[in-house]
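Peer 1: Below is the sequence, then the predicted model.
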Amino acid sequence: MPRKPRYLLPGVPCHIVQRGNNRQATFFCETDYRDYHECVAEAAAKYSVSVHAYVFMTNHVHLLATGEHKDSISRMMQSVGRKYVRYVNAAYQRSGTLFEGRFKASLIDSEHYLLSCYRYIELNPVRAGMVASPGEYPWSSYHVHAFGKKDNLVTDHEVYLRLSRDADQRRHAYRELFRQSLGAEQLHAFRESIQLGVPVGSARFREEIEEALGRKISYRKRGRPRKVLEVEGDEEN
């Protein structure tokens, strides 16, 4: 069976998900999270990728990132996979694969869905029942955006910066976004887009992506009716 195409474009934010093989754990102690963080930071710098948001869960990771070149994100993820798997295999005297074969990716319409994607990513531990609020979870970018924590992995996206010119007011505005949970339609859109590997955005955004790629994108699963992945745009940004 042929692989699903992966749609990546330079300068367009991309929601990335990588899961442990067979949904098994990929992090086993705090040192593992720190090592993975550094692997991503180093690879992002090497391959010209800006990481805007992230969360490291027990058996999978979410990243929101923009690559400078078409292959920037793929090369970053390949580098992280090789280096982190070597570390885990050596630390725990194991062998074999750790992650699923390919990471999943979905392009994000920055003008309408970027901050919703931030929230989708950083609220993962809350939805999983691990914490009551995103600030309680240590391995995410929420602390950077909401409280100004220094983090060498995170590069602010211009849409986040538009919340306010003043840093304190911007962080306050960001925290206010989390007073409302994401709606069912938004959750479905982000989850389905990752599974299908298709963009999340307005009809115009999808048309622009197809034009840039020079190909049509299928928004349906085999054997099911066409399902368009568009929800009402947020007023957040």
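Peer 2: Received the coordinates, thanks. Numbering: from 1, shown residues only.
Peer 1: where does the spatially most central residue of the chain land in three-state SS?
Peer 2: In the chain, the C-alpha nearest the mean C-alpha coordinate belongs to residue 63, at 2.8 Å (CA atoms, centre = their mean). Residue 63 falls in the strand class when you classify it by DSSP: H, G, I helix; E, B strand; the rest coil.
Peer 1: nearest spatial neighbour of it, skipping sequence neighbours?
Peer 2: Spatially, and ignoring its direct neighbours in sequence, residue 63 is nearest to residue 16 (4.3 Å; CB to CB, 6 or more residues apart in numbering). Backbone N, C-alpha and C define where each C-beta goes, glycine included.
Peer 1: ok but the one you found is inside a helix, no?
Peer 2: No. Counting by three-state DSSP, residue 16 falls outside a helix, being strand.
Peer 1: Wait, it touches residue 107, no?
Peer 2: No. Between residue 16 and residue 107 there is no contact under CB atoms under 8 Å: 10.5 Å.
Peer 1: Which one's more surrounded, those two?
Peer 2: Neighbour comparison, residue 16 and residue 107: the larger count goes to residue 107, with 25 against 22 (by other CB atoms under 10 Å).
Peer 1: what's the spacing between that one and residue 149?
Peer 2: 28 Å (CB to CB, to the nearest Å).
Peer 1: What of residue 51?
Peer 2: 15 Å.
Peer 1: Low-confidence stretches in the protein?
Peer 2: Applying pLDDT under 70 to the chain picks out residues 1-4, 221-237.
Peer 1: quick one, helices of it?
Peer 2: With DSSP state H as the criterion, the chain has helices at 30-46, 72-91, 110-122, 124-127, 142-147, 158-161, 167-177, 184-196, 203-213.
Peer 1: Please identify which of those is closest to residue 5.
Peer 2: helix 203-213 (8.9 Å; CB to CB).
Peer 1: burial of the nearest residue to residue 31 once chain neighbours are set aside, as a residue count?
Peer 2: Closest residue to residue 31 apart from its sequence neighbours, by CB to CB, 6+ apart: residue 91 at 7.9 Å. Residues within reach of residue 91, counting by other CB under 10 Å, total 13.
Peer 1: Can you give me the distance of residue 91 to residue 59?
Peer 2: Counting by CB to CB - residue 91 and residue 59 are separated by 17 Å.
Peer 1: and if you look at residue 163?
Peer 2: Going from residue 163 to residue 59 by CB to CB gives 32 Å.
Peer 1: Please identify which of the two sits among more neighbours.
Peer 2: Taking other CB under 10 Å, residue 163 and residue 59 do not tie; residue 163 has more neighbours (20 against 14).
Peer 1: correct me, but the more buried one touches residue 173?
Peer 2: Yes. The pair residue 163 / residue 173 is scored as a contact, 4.3 Å apart, by CB under 8 Å.
Peer 1: returning to that earlier point: go through the helices of the chain and pick out the most buried.
Peer 2: helix 110-122 (a mean of 24; mean count of other CB atoms under 10 Å).
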